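Novice: got a predicted structure plus its sequence, pasted below:
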Amino acid sequence: MANIPWITFNNGQKFPMFGLGTWKSEPGKVTEAVKDAIDIGYRHIDCAHVYGNEAEVGAGIAAKIKEGVVKREDLYITSKLWNTYHRAGAVEGALKVTLKNLGLDYLDLYLIHWPFGFKEGDEVFPTGPEGKILFSDIDYIETWKAMEALYKKGLVKSIGISNFNKEQVERLLQNAEVVPVTNQIELSPFLNQKKLSEFCRSKNITITAYSPLGSGDPKLLNDPTLKEIAAKHNKTTAQLLIKYPIQCGCICIPKSVTKSRIAENINIFDFEFSGDEMNFLNNLDKKLRTCPFTETVEHKHYPFHAEY
Ligand SMILES: NC(=O)C1=CN([C@@H]2O[C@H](COP(=O)(O)OP(=O)(O)OC[C@H]3O[C@@H](n4cnc5c(N)ncnc54)[C@H](OP(=O)(O)O)[C@@H]3O)[C@@H](O)[C@H]2O)C=CC1
Ligand SMILES: O=C1CO[C@H](CO)[C@@H](O)[C@@H]1O
């Protein structure tokens with residue numbers, strides 16, 4: 001069984017630094033993928049309402065608990081509040097839907113998925129006559145207060161944020177009673193997020209690295225330089241890309257629905273990059289963002305106009 005390292009959040013909760021992503025995991029495949037992952041040793045699963053597959057993820061979790069392979073308390077389940085539920089009065093209802101879909105009575109971690117809101121309602125991407133997404137201008141501070149209430153009620157063990165830039169994190173902290181445990185952001189050697197990571201770390205906020213494989217982008221997975229470094233450790237480029245954020249001190253959540261890759265991706269805890277290799281990898285940044293969510297660039301809270 002892989003020796004997954006743990007991180008301790010600012011509230012004392014311990015969390016596995018490696019987990020399974022589930023974005024674009026087809027509902028017809030994800031139950032099996034979750035079951036395989038748990039058998040292989042994964043204990044942390046990253047979910048979201050907008051992925052449209054929480055019921056099928058939950059079926060995989062339930063099967064492994066029923067079989068006695070794991071207990072609920074062995075698992076660390078994250079989900080995310082979608083943009084259509086940013087109004088304070090809508091937040092608890094959104095969590096309840098996610099809990100029902102996942103078949104759970106609490107989450108280990110609940111994140112605000114993006115700092116901006118969309119028009120409230122059941123449509124995850126509400127659009128107007130021109131096909132543009134309809135925004136809401138609800139302040140993420142209002143949303144955070146409602147997240148704090150969920151935390152205080154014990155419905156979620158930790159709360160955090162995702163896709164917040166430095167200024168947004170700073171403003172949140174000025175208005176927060178509970179410090180987010182993590183900011184989940186895209187991170188790879190080609191988008192290394194050093195400035196935002198250092199800022200978050202200085203505020204005791206852990207970074208969670210999403211899309212570590214660039215969502216499957218060949219620019220990362222087929223990069224010859226990365227391949228060469230990986231080969232020196234008898235590892236694949238994917239394994240290098242997953243180990244890099246973890247060796248930087250971040251949580252990493254690669255997605256796969258392929259059993260052999262699910263096994264490959266966790267097989268990264270038997271080697272370390274040397275100091276020289278880390279320096280080299282840290283210098284490859286080229287601001288390659290594979291998840292820019294460009295449909296939302298006009299939103300006043302769009303996070304990626306800022307330098308970091
Ligand atoms: N907070 C946020 O806004 C966001 C959060 N996330 C989270 O982060 C997770 C990971 O990011 P994601 O964008 O899914 O992309 P990843 O960077 O994890 O890449 C996933 C893709 O790589 C393929 N893949 C997986 N393992 C390997 C391997 N060993 N070799 C070659 N190809 C491989 C997968 O294919 P296959 O499945 O077919 O094996 C899939 O196409 C998401 O699933 C989600 O949970 C992601 C984006 C935004
Ligand atoms: O996690 C994510 C992946 O899917 C979503 C919907 O397209 C993105 O917005 C989001 O960041």
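Specialist: On my side now, so go ahead. Ligands and ions are numbered 1, 2, ... in the order given.
Novice: three-state assignment of the residue in the stretch 1-150 of the chain positioned nearest to ligand 2?
Specialist: Across the stretch 1-150 of the chain, no residue is closer to ligand 2 than residue 23, which sits at 4.4 Å (C-beta to the nearest ligand atom). For the C-beta atoms, the positions are set from N, CA and C on the backbone; glycine is no exception. Put simply, residue 23 is coil when judged by DSSP: H, G, I helix; E, B strand; the rest coil.
Novice: and it, what's its pLDDT?
Specialist: At residue 23, the model reports a pLDDT of 98.
Novice: in contact with the closest residue to it other than its chain neighbours, which residues?
Specialist: Among residues not flanking residue 23 along the chain, residue 51 sits closest, at 5.3 Å (C-beta to C-beta, 6 or more residues apart in numbering). By C-beta atoms under 8 Å, 6 or more residues apart in numbering, the contact list for residue 51 reads 22, 23, 24, 25.
Novice: farthest pair in those residues?
Specialist: The most widely separated members of the contacts of residue 51 are 22 and 24, with 8.2 Å between them, by C-beta to C-beta.
Novice: around ligand 1, which positions in the stretch 51-200 of the chain sit nearby?
Specialist: Taking C-beta under 6 Å from any ligand atom as the measure of proximity, the stretch 51-200 of the chain contacts ligand 1 at 113, 162, 163, 184.
Novice: for the stretch 1-150 of the chain, what spans make up the helices?
Specialist: Secondary structure of the stretch 1-150 of the chain (DSSP state H, counting those that start in this stretch): helices at 27-40, 54-67, 88-102, 140-153.
Novice: quick one: low-confidence parts of the stretch 1-150 of the chain?
Specialist: Within the stretch 1-150 of the chain, the ranges that satisfy pLDDT under 70 run 1.
Novice: please name whichever of the helices of the stretch 1-150 of the chain is nearest to residue 287.
Specialist: Closest approach to residue 287 among those is made by helix 140-153 (23.9 Å; C-beta to C-beta).
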